[in-house]
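Colleague: Have a look at this fold, sequence not included:
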């Protein structure tokens, strides 16, 4: 069905998707059947994933921040029945993001369960893309990171963790905003000559807001959650390609891909779709 769409219709659908519209809202706006929209999304998403994998190589990044952002597929984890709990593509999912502090580039990502296996794959992918001699890496306190970083980077990285403590929210109810009351920075490896205050995940955490805004499957308290894992993965890949190559960053005035030296101009969505 996706092949029946004209080029302009495909661009319109993907444009609406990267601006945070849900599949059903795109159907209402364009009149294109939601199954056709979803088929196009999966097809373009797979191509976008391969495009990012091929083009985000040989990166010279000074300070990478890593974080995980939660979503769920079909049901939240505690709603899964006994059979569904054995399916790793259902329930809670975490998007691991490697975000460069200077260029704002999403260097790589991984999506899956929050466990040692996915963490190791994510860190190994990051290490394979960076050619910077002795980069700095900051993460949260997730306990699978140190072993994964040691295995992929060895001693060739300045790595530290920041652990934040939050108090109960002042506002009553489950959606009250928690207040950070303390933070601890830990030197894991190679930070002897670096100020521990430079350990930071604030930039990647701010990027989480952009993801929740522009990828409907991550928007909290909405009906836009993904019903299939491959749909969520496709939306993430499309967002990553559009964010890096097409979206001009507010503070940089250029795209992250330009800031990282991956390209020399702002891409239009038509150029991105042609490239992938």
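Modeller: Everything's here; your move. Treat the numbers as computed from the prediction; the structure is a model and nothing was measured.

Colleague: Straight-line length of stretch 22-35, end to end?
Modeller: End-to-end distance for stretch 22-35: 13 Å, by CA to CA, to the nearest Å.

Colleague: Going forward, count from 25.
Modeller: In the new count, where the first residue is 25, that last one comes out as stretch 46-59.

Colleague: Same question for that stretch: list its buried residues.
Modeller: 46-47, 49-51, 54, 56 (16 or more other CB atoms under 10 Å). No exception for glycine: its C-beta is placed from N, CA and C like everyone else's.

Colleague: Skipping adjacent residues, who's closest to the spatially most central residue of the chain in space?
Modeller: The structure's the chain has its C-alpha centroid closest to residue 121; by CA atoms, centre = their mean the separation is 4.3 Å. Excluding its sequence neighbours, the residue lying closest to residue 121 (CB to CB, 6 or more residues apart in numbering) is residue 133, at 5.3 Å.

Colleague: now residue 39
Modeller: Residue nearest to residue 39 in three dimensions, not counting chain neighbours: residue 293, with 5.7 Å by CB to CB, 6+ apart.

Colleague: Could you check how many residues crowd around the one you found?
Modeller: Neighbourhood size, residue 293 [other CB atoms under 10 Å]: 17.

Colleague: Next one: it relative to residue 115, how far apart?
Modeller: 33 Å (CB to CB, to the nearest Å).

Colleague: re earlier: how near is the residue nearest to residue 39 to residue 42?
Modeller: Residue 293 is 8 Å from residue 42, where distance means CB to CB.

Colleague: Now for these two: what residues contact both?
Modeller: The contact sets of residue 293 and residue 42 overlap at 266, 270 (CB atoms under 8 Å, 6 or more residues apart in numbering).

Colleague: Next, residue 185: secondary structure please.
Modeller: Here residue 185 is strand, with the state taken from DSSP: H, G, I helix; E, B strand; the rest coil.

Colleague: Might you report the residue contacts of the residue nearest to it when sequence neighbours are not counted?
Modeller: Once flanking residues are discounted, residue 185 sits nearest to residue 210: 4.7 Å by CB to CB, 6+ apart. Neighbouring residues of residue 210 by CB under 8 Å, 6+ apart: 165, 184-187, 223.

Colleague: can you do 7 Å?
Modeller: Residue 210 makes contact with 184-185, 187, according to CB atoms under 7 Å, 6 or more residues apart in numbering.

Colleague: wait, the residue nearest to residue 39 sits on residue 271?
Modeller: No. With contact defined as CB atoms under 7 Å, residue 293 does not reach residue 271; the gap is 10.1 Å.

Colleague: For residue 162, give me the pLDDT.
Modeller: Looking at residue 162, its pLDDT is 97.

Colleague: Which strands or helices does whichever helix or strand it is part of pack on?
Modeller: Residue 162 is part of strand 160-163, with elements assigned from DSSP states H and E. Applying 3 or more CB pairs under 7 Å, 6 or more residues apart in numbering; DSSP states H and E, we find strand 160-163 packed against strand 87-97, strand 182-191.

Colleague: Highest mean neighbour count across those strands, which stretch is it?
Modeller: strand 87-97 (a mean of 22; mean count of other CB atoms under 10 Å).

Colleague: What is the subsequent helix or strand relative to that one?
Modeller: As assigned by DSSP H and E, the chain's next helix or strand after strand 87-97 is strand 115-124.

Colleague: In terms of secondary structure, what does that next one contact?
Modeller: Judged by 3+ CB pairs under 7 Å, 6+ apart, the packing partners of strand 115-124 are strand 87-97, strand 130-136, helix 140-153, helix 226-238.

Colleague: Can you tell me the strand partners of the shortest one and which way each runs?
Modeller: For strand 130-136, the pairing partners within the sheet under DSSP bridges are strand 115-124 (antiparallel).

Colleague: sorry, back to before: show me what the residue nearest to the centre of the chain is bridged to.
Modeller: Bridge pairing for residue 121 (DSSP bridges) gives the partners residue 91, residue 133.
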